[in-house]
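[1] my questions concern the predicted model and sequence given below.
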Amino acid sequence: MLVVLLGTGSALLYGVSDFFGGAASRTQPALRVTIGALAIAAVLDLPVLAVGTPVWSVPALITGALGGLCGGIGTWLFYAALARGPVGVVAPAVALIAAVLPALVGLLRGEPIGPLTGVALVAVVVAGALLSVERQAHLRPDRTTVLLILAAGIPYGLYLVVIGLSPTDSGAVPLMADLVVGTLLLLAIVGVQRLRRADRGVPIDRPGALLILAAGLSQAVAGVLLVFALHLPALAIVGALSALYPVGTVALGIGVLGERVRPFQLAGMVLAIAGVALLAVARA
């Protein structure tokens, strides 16, 4: 039950972070928004290191650093795919790859998955896809976009796997290493782009700064929940639950922007609730 609560909460908050980050990216460069959110999350997560007695060790730092590399590369490739292909195709495809990969790794590692749990995992993944699809979903991406989707989804999935390998007594240490390395990697990418383009960039405005702050805050909480969920022996469960992140994005789109709920999104919400409830019953 704790795994379900932590995994679901983390996925929903990552969706909230995506909403604010996406809103900020309308007026600010996407990489700048990502770096800002990561840096804010790193600062806000510092007090979490005082929770309990986290053990600083080489494995904890290595897994965190590898997670930061995977997350940073995945984010970069994800935005590159979004720049080429329709959001309705790119977003759900990346989400599904990122959810299925750790679930398969968990199964291969021998995590106990009963029939009821299996049905729940499938429902959760399908719900995430339904919640991500937009009107442009019928458009076929070109070969380069397909390669970018695969290249982005795999690092995202590996991120969950790598962080899941961190020592269970390390607390938030891997998360801090992840955020620091991810931020430095993206800063290096931005630096190279600035040198090549000789571009000083777009000045940030107050609304954009507030949106980036909101994205970083929600990402900070989501990251803490995710790390503690992955410290429990249930990688397959957490991996599948990560596909629920569009719930937070869609809910804010409806409540804040007044967007209409399309039938497949409503079906995704119902299926998501049913899948999480079924998963909770199965794990209990």
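    Great, that's in hand.
[2] quick one: the helices in the stretch 101-250 of the chain, in order.
    Applying DSSP state H, counting those that start in this stretch to the stretch 101-250 of the chain gives helices spanning 115-132, 143-164, 173-197, 206-230, 235-241, 246-255.
[3] ok, which of those comes nearest residue 56?
    Closest to residue 56 of the helices of the stretch 101-250 of the chain is helix 173-197 (C-beta to C-beta; 5.7 Å). (C-beta placed from N, C-alpha, C; glycine too.)
[4] could I get the host helix or strand of residue 16 in PDB with only the CA atoms?
    Secondary structure assignment for residue 16, by DSSP states H and E: helix 2-24. Output of helix 2-24 as PDB, limited to C-alpha atoms (Å, rounded to 0.1, in the frame of the first residue of the first chain):
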ATOM      1  CA  LEU A   2       2.900   2.400   0.800                       C
ATOM      2  CA  VAL A   3       4.400   1.700  -2.600                       C
ATOM      3  CA  VAL A   4       1.100   2.600  -4.300                       C
ATOM      4  CA  LEU A   5       0.700   5.800  -2.300                       C
ATOM      5  CA  LEU A   6       4.300   7.000  -2.900                       C
ATOM      6  CA  GLY A   7       4.300   6.000  -6.600                       C
ATOM      7  CA  THR A   8       0.900   7.600  -7.300                       C
ATOM      8  CA  GLY A   9       1.800  10.800  -5.500                       C
ATOM      9  CA  SER A  10       5.100  11.100  -7.300                       C
ATOM     10  CA  ALA A  11       3.500  10.500 -10.700                       C
ATOM     11  CA  LEU A  12       0.800  13.100 -10.100                       C
ATOM     12  CA  LEU A  13       3.200  15.700  -8.900                       C
ATOM     13  CA  TYR A  14       5.500  15.100 -11.900                       C
ATOM     14  CA  GLY A  15       2.500  15.800 -14.000                       C
ATOM     15  CA  VAL A  16       1.900  19.100 -12.100                       C
ATOM     16  CA  SER A  17       5.500  20.000 -12.700                       C
ATOM     17  CA  ASP A  18       5.100  19.300 -16.400                       C
ATOM     18  CA  PHE A  19       2.100  21.600 -16.500                       C
ATOM     19  CA  PHE A  20       4.000  24.500 -15.000                       C
ATOM     20  CA  GLY A  21       7.100  23.800 -16.900                       C
ATOM     21  CA  GLY A  22       5.100  23.600 -20.200                       C
ATOM     22  CA  ALA A  23       3.400  26.900 -19.400                       C
ATOM     23  CA  ALA A  24       6.800  28.500 -18.700                       C
END
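[5] angle of it against helix 115-132?
    Between helix 2-24 and helix 115-132, the angle comes out at 10 degrees (axes from the mean of the first three to the mean of the last three C-alpha atoms, to 10 degrees).
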